[in-house]
Each structure stands twice: as structure tokens, then as C-alpha cells.
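1. I would like the atomic coordinates for the input below:
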Amino acid sequence: MSKKFYIKTYGCQMNVYDSERMSDVMDGEGYSATDNPDDADMVILNTCHIREKAAEKVYSDIGRLRQIREKRTKDGKETYLAVAGCVAQAEGAEMMRRAPTIDMVLGPQTYHRLPAMMKESKTQRASTGKSRVLDTDFPVEAKFDHLPKDMRGKGPAAFLTVQEGCDKFCTFCVVPYTRGTEFSRPLGDLMDEAKRMADAGIIEVTLLGQNVNAYHGDNGKGGIVSLSDLIHHVAEIAGIERIRYTTSHPRDMDADLLAAHRDVAKLMPYLHLPIQSGSNAILDAMNRKHSAERYMELVVELRAARPDIALSSDFIVGFPGESDADFEATMELVRQVQYAQAYSFKYSPRPGTPASVMETQVDESVKAARLAELQAELNKQQSAFNAASVGQKMAVLLERRGKFEHQLVGRSPFLQAVYVDVKDKLDESAHTPYTGLMGKLVDVEIISGGPNSLQGKVA
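-> Numbering: from 1, shown residues only. Got it, this is the predicted structure:
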């Protein structure tokens, strides 16, 4: 019987990508995935350091996992616990001191070393009864050199990491410290990986990076390619039908990238463009290096290039020094833009960042009240956007089974979750009746829209 592993992912899409790569590593070591940590011989927590609650939740989960391990030990089963990701990178030694039950701590740049760490951990436990393996270096060798060659069975949509790290140094953010400075992968490597994705039946590719529109990859001929260049190259690959990219910074939205939204049909009409605040005073304090006015100009330019584009964003309320007027400026910007979706959070001080030591911290009750007001407006806008989809026909990429019989779930061009009843379209006589629909782009008529998803039927 093969050993089992369990991965829990916190935080951003880059962490989702990293978890997928760690799964590939564990597959290569002969482990099989499980959704139940009680059954796992190896548990990996892939952590996020953006918000305080995310970090604290890790320690809460470690406490529960300690109980699971104690029970498995009584049953004669070994369990190893690894903590990966950005909390691990930022607080590795402190994590091992605070939670002795942890066997391994690895940063975002070292997951390809997991087999060696597992071997060392087992050796230590055999000789001393416990293991304490820490690897949070930024290695010389690129982790991308260890990607799997065979991508079959990965599903119809996948992330393609093109850029990692950040040089922006927003005063609230730990990413430059946990992920390092900006690194862009060479064009040739990305094209090879994208072609392998197409060969494996992947038809939607999301170009991924902490600061993805700052991509500047080597073209192998002494030149540099931009994100817009890369989008054009990927669009030429047969089999790739949809392209997305995330996460963007307003400072790096240039004319060529705006033109790509107009000219590349495969580039989906959805863009996540974080602003964080609508107040120029707060944007300056955040070191965002763009104004609210420039952001609004970009919104106008994007909608001129692609009139049907849907926008999402990130917002932080209660940043140090945020006044009532600053918050109202955020609300006014939100009302002007009309978002299809957005993510909003109370400011959370992160150790080591400039904002954490600013003297003008905002009271928690004020943060909570502002967040409630902002989220009420954002939820109203998202519901309105979904309601406006009713009656439309759109291509939906069907990715998985729903919880009800004859139901499949997919994503619209605007990244909405769409639940589709496919009963009338199934070949019930086939061994797998969903074969003709799963993983395919299917024209769907939207028949109803809720706050978070749509209902449709095959057109």
C-alpha cells in the first residue's frame, strides 16, 4: 500500500501553484494524495504571511495535527509534518521553537528539495526520536528546473508561473522578504511548458506572478519580452483557447498590455487590478507609487480596449492614518468603477514591514465598521454583475462534477462559477457519460444568478 500525503493551502494563487508542484514531488516519491489528514503519512501546510489571522490559523492547525499524529503513533503509524510557504520563510526558526511537533520547515523557493528533506527528517527521527529540518534559503538552482514533464491528468485549466518575487516594497507587504526580488523566467522555458500543457489537454492557462505585468523575460536572442509579448506567443499555441494573468500592479499596465486586451481574442475579459485604497494620501503611505486618478484612467483605457471587461480588485481598510475622508475616497472609487468581484480586508500589521511601526494605527472597531460598509457595497456590485449575466450565452469551461447528479461546474469568461445541469446532454450508455463535456468549452445559457455563482443550461 502506498503512503499518503495531505496538503493544506492558505493564501494566494501562487501558493496554489506551489502546492500543485509539491504534489508532483510527492507523487514522484510514491505517495498518493488524500483529502483527510487523519490518513496521511505526510502532512504539508503551505502557508501565507499576508495577514495576521492567516499566520495564527497555521498554529491552530498544527495543534490539531499534533493530536492526529499522537493517535496515529499509538496505532503504529508514522506521520511527518512539514510547514512550507511564506510563514515558513519569514518565521522558520521561531516556528520550530514555538511548535516542536513540526518536522520540516521549507520556504517557497525550496520545495523541489522536499525529497532530500524527507530523507534527512527520517534519518534524524530514527537516531534521535525527533526531526528538525529547516531549509529557507534562496537556492542558486531554480526550482523551475524541477517541473514535471508529463502534465496529463492535471485538468483543463492550469497556472503557468512566469514571474516571482516583488521589488515594489509596499509598506504593508511581506512578499519582497518572503519571495525575494523579481525574477522572470526565460521565454523559451515558458513556451516549452505551455506546449506541454496544450499536449496534456489543458486549454486555459493563467500566467501567474506576484507582479505579473512586470514580467521581462529573456527571449534567448539577447532581447527582453514583456507580458504582452508573452501573451501573443502563448495565444499562438494550438490547443490553448483561454489566457488569463494575475496579479497585476497598476504601475506596470503599459500601452502594449492594454492593446493585448483589444487584439488577443484568447485573452479573457477579466482582470484583477488591485488598488488597495482610493485615497492618494493612503496610497502614498502604502508606497504604491500611483494615484487614484491614474488608476481610474487605466479603468477607462481598459474598457475602451475591451468594452466587456470585468474588473476585480483588492482593498485594505484601516491602514495607519486612514481618516474618514480617506475611507470615503475609497468608497467613491468603488462606486465609480463597479467591480464584478473584489477582496477586502482590515489592515493587519506584519512584523518587519514599515507600516507595522507607524504611530497612527486605526482602532479595530473603526476598521470593522469600515470593512462592513465596503463589503456591503462590493457584494451589491457582484450580485448586480451576476444578475446582468442572466439570459446571456457564454462559453463555460466545465472542470469538475457538482454535488448534485447530472451537474457540472465550470468558469465563465469572467471567472464566475457556473453550475450547469447536463442531464439531457449525457450519453448514459457510455462507461463515463460525462466524457464529451468534462474539460471542454461548452456554450451555456445563464438562467439565474446568485451572489457568488450562476446557474446555466447547455445552449
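
2. buried stuff in the helix-or-strand element of the chain with minimal mean pLDDT?
-> Lowest by mean pLDDT, DSSP states H and E among the helices and strands of the chain is helix 175-178, with a mean of 80. For helix 175-178, a neighbour-count test (16 or more other Cβ atoms under 10 Å) marks 175-178 as buried. Backbone N, C-alpha and C define where each C-beta goes, glycine included.

3. and if you look at stretch 321-333?
-> Those would be 321-322, 326-327, 329-331, 333, for stretch 321-333 by 16+ other Cβ under 10 Å.

4. of those residues, closest to residue 157?
-> residue 333 (31.0 Å; Cβ to Cβ).

5. shaky segments in this structure?
-> Low-confidence segments of the chain (pLDDT under 70): 1, 50-55, 138-153, 424-435.

6. which stretches in it count as helices?
-> Shown for the chain, the helices assigned by DSSP state H span residues 13-28, 52-74, 86-98, 114-128, 175-178, 187-199, 227-235, 255-263, 280-285, 292-305, 324-337, 364-388.

7. would JSON lines of these with distance to residue 106 be doable?
-> Putting the helices of the chain into JSON lines (distance: least, Cβ to Cβ, whole Å) gives the following:
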{"stretch": "helix 13-28", "distance to residue 106": "9"}
{"stretch": "helix 52-74", "distance to residue 106": "14"}
{"stretch": "helix 86-98", "distance to residue 106": "6"}
{"stretch": "helix 114-128", "distance to residue 106": "6"}
{"stretch": "helix 175-178", "distance to residue 106": "12"}
{"stretch": "helix 187-199", "distance to residue 106": "23"}
{"stretch": "helix 227-235", "distance to residue 106": "29"}
{"stretch": "helix 255-263", "distance to residue 106": "34"}
{"stretch": "helix 280-285", "distance to residue 106": "34"}
{"stretch": "helix 292-305", "distance to residue 106": "37"}
{"stretch": "helix 324-337", "distance to residue 106": "37"}
{"stretch": "helix 364-388", "distance to residue 106": "33"}
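
8. which one, of those, ends up nearest to residue 353?
-> Ranking the helices of the chain by proximity to residue 353 (Cβ to Cβ) places helix 175-178 first, at 8.2 Å.

9. other residues contacting that closest one?
-> Residues outside helix 175-178 that contact it (Cβ atoms under 8 Å, 6 or more residues apart in numbering) are 49-50, 86, 89-90, 107-108, 165-169, 210, 352.

10. can we see that at 6 Å?
-> Around helix 175-178, the neighbours that count as contacts under Cβ atoms under 6 Å, 6 or more residues apart in numbering are 49, 86, 89-90, 166, 169, 210.

11. go on, stretch 190-199?
-> Here stretch 190-199 makes contact (Cβ under 6 Å, 6+ apart) with 151, 158, 160, 162, 234, 237, 239-240.

12. now for the residues you listed: which two are most distant?
-> For these, the maximum inter-member distance is 18.5 Å, found between 162 and 239 (Cβ to Cβ).

13. pick out whichever of those two has more residues nearby.
-> Ranked by neighbour count (other Cβ atoms under 10 Å), residue 162 and residue 239 place residue 162 first, with 26 against 13.

14. my guess is the more buried one contacts residue 215, does it?
-> Yes: Residue 162 lies in contact with residue 215 (Cβ atoms under 6 Å); the separation is 5.3 Å.

15. gap between residue 411 and residue 398?
-> Separation of residue 411 from residue 398 (Cβ to Cβ, to the nearest Å): 9 Å.
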